[in-house]
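A.B. asks: predicted model, plus sequence, below.
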Amino acid sequence: MAKVITVALGGNAINKPGQKGTAEEQFENVRNTTKQIVKMIKKGHKIIITHGNGPQVGSILIQQEAGSDQVPPMTLDICGSQTQGQIGYMIQQSLGNEMKKEGINKTVVSLVTQVIVDRNDEAFQNPRKPVGPFFDEEHAKKMMKEKGETWIEDAGRGWRKVVPSPIPKGIVEIEAIKSLVDAGFIVVASGGGGIPVVINEDGTYTGVEAVIDKDRAGEVLAEEVNADILMILTDVPYAAINYGTPEQKNLEKVKLSEMKRYFAEGHFKAGSMGPKVEAAIKFVENGGEKAIIASLENALEALENDKGTVIIPD
């Protein structure tokens with residue numbers, strides 16, 4: 001039976017570890033990714049795609065800094081919007097070409113997507129998300145003094161700017177996304193967690209310097225488009241408890257209450273699997289049919305044969 005599936009692509013779908021991140025490398029990665037997505041489209045499923053943007057926005061911030069004496073640097077929300085266009089273009093072209101090979105007559109649309117956050121979110125008082133390049137302590141202290149930014153020493157590699165990572169509350173363009181999906185388009189939306197915006201007193205929107213977790217935003221997207229399934233594709237085939245120890249256990253089909261218990265016990269790290277499991281739990285908790293965490297290479301098998309971590313209602 002055809003399903004509405006929100007597919008959240010991890011960083012390895014676009015930029016693999018050890019690569020320089022050239023246009024050629026990224027296109028090749030995206031082409032391989034879209035081959036997996038086409039398998040699901042051939043089965044008749046309606047697909048909404050979202051993706052990360054960490055390496056890409058990091059590169060743009062480096063370029064901004066390097067050229068700041070010649071052209072005015074853009075704010076973080078604008079840099080995020082640039083990556084939505086960049087990655088959306090690669091997915092549109094690659095997926096469109098792959099569908100043509102398979103005789104599928106569908107159009108891919110990338111939507112620059114704004115995601116609403118609360119201006120009173122505690123994250124704005126406690127920025128923790130590192131962004132951009134590493135600098136020395138002198139540069140960091142200069143930025144803190146002159147611009148009021150928050151910087152931290154990051155893992156012994158230098159100093160990085162940190163920004164808020166507020167909770168996503170909703171998607172500004174959600175009605176357009178739903179209309180496009182209903183009309184048969186394949187939609188790429190909410191890339192990089194979306195462009196964070198706050199609602200002003202008069203109902204208008206303003207972008208803010210923040211980064212929304214892409215998995216949390218992907219869950220909101222899945223919920224608001226009434227998806228049947230949230231599929232989070234990453235670089236490992238399963239979520240696991242006791243990860244990296246002799247007692248490691250890969251999780252296959254897991255009931256919601258059991259997954260919530262594992263999450264509460266601290267089995268999933270905040271910087272890696274934690275946000276993915278949190279998003280999967282929330283989606284099923286709020287009425288989703290199931291959530292899947294699987295490797296990109298196993299996407300169709302995970303969907304049809306539960307080859308991955310599948311969270312289901314109790």
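C.D. replies: Sure thing, it's come through.
A.B. asks: name the element the residue lying closest to Ala13 once chain neighbours are set aside belongs to?
C.D. replies: Leaving out its chain neighbours, the residue that sits closest to Ala13 by CB to CB, 6 or more residues apart in numbering is Thr33, at 4.3 Å. All C-beta atoms are positioned from the backbone trio N, CA, C, and that covers glycine. Using DSSP states H and E, Thr33 falls within helix 23-42.
A.B. asks: what packs against the next helix or strand after that helix?
C.D. replies: Per DSSP H and E, the first helix or strand lying C-terminal to helix 23-42 is strand 46-51. If you count contacts as 3 or more CB pairs under 8 Å, 6 or more residues apart in numbering; DSSP states H and E, strand 46-51 packs onto strand 4-9, helix 23-42, helix 76-101, helix 174-182, strand 186-188, helix 214-224.
A.B. asks: now these in JSON lines, with mean pLDDT and distance to Asn120?
C.D. replies: Shown next, in JSON lines, are the helices and strands packed on strand 46-51 (pLDDT from 0 to 100; distance: least, CB to CB, whole Å):
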{"stretch": "strand 4-9", "mean pLDDT": "96", "distance to Asn120": "27"}
{"stretch": "helix 23-42", "mean pLDDT": "94", "distance to Asn120": "37"}
{"stretch": "helix 76-101", "mean pLDDT": "97", "distance to Asn120": "18"}
{"stretch": "helix 174-182", "mean pLDDT": "97", "distance to Asn120": "22"}
{"stretch": "strand 186-188", "mean pLDDT": "98", "distance to Asn120": "31"}
{"stretch": "helix 214-224", "mean pLDDT": "97", "distance to Asn120": "18"}
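A.B. asks: right, and those - which one's nearest Val163?
C.D. replies: Closest to Val163 of these is helix 76-101 (CB to CB; 6.4 Å).
A.B. asks: if Ile312 is in a bridge, with which residues?
C.D. replies: In this entry, Ile312 is beta-bridged to Lys255, by DSSP bridges.
A.B. asks: now Lys46
C.D. replies: The partner residues for Lys46, given DSSP bridges, come to Val4.
A.B. asks: just checking, it touches Lys3?
C.D. replies: Yes. Contact criterion CB atoms under 8 Å: Lys46 and Lys3 qualify, at 7.3 Å.
A.B. asks: give me the more crowded residue out of the two.
C.D. replies: Lys46 (21 against 17; other CB atoms under 10 Å).
A.B. asks: for Glu137, find the nearest of the helices and strands packed on strand 46-51.
C.D. replies: Across those, closest to Glu137 is helix 76-101 (CB to CB), at 22.0 Å.
A.B. asks: the domain parsing of the chain - what is it?
C.D. replies: 15-127+164-226, 228-309 (the TED database).
A.B. asks: can you redo the ones you listed as a markdown table with distance to Pro133?
C.D. replies: Listed next are these as a markdown table, based on distance: least, CB to CB, whole Å:
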| stretch | distance to Pro133 |
| --- | --- |
| domain 15-127+164-226 | 5 |
| domain 228-309 | 19 |
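A.B. asks: give the buried residues for stretch 153-172.
C.D. replies: Residues Trp159, Arg160, Lys161, Val162, Val163, Pro164, Ser165, Pro166, Pro168, Ile171, Val172 are the ones in stretch 153-172 that count as buried (16 or more other CB atoms under 10 Å).
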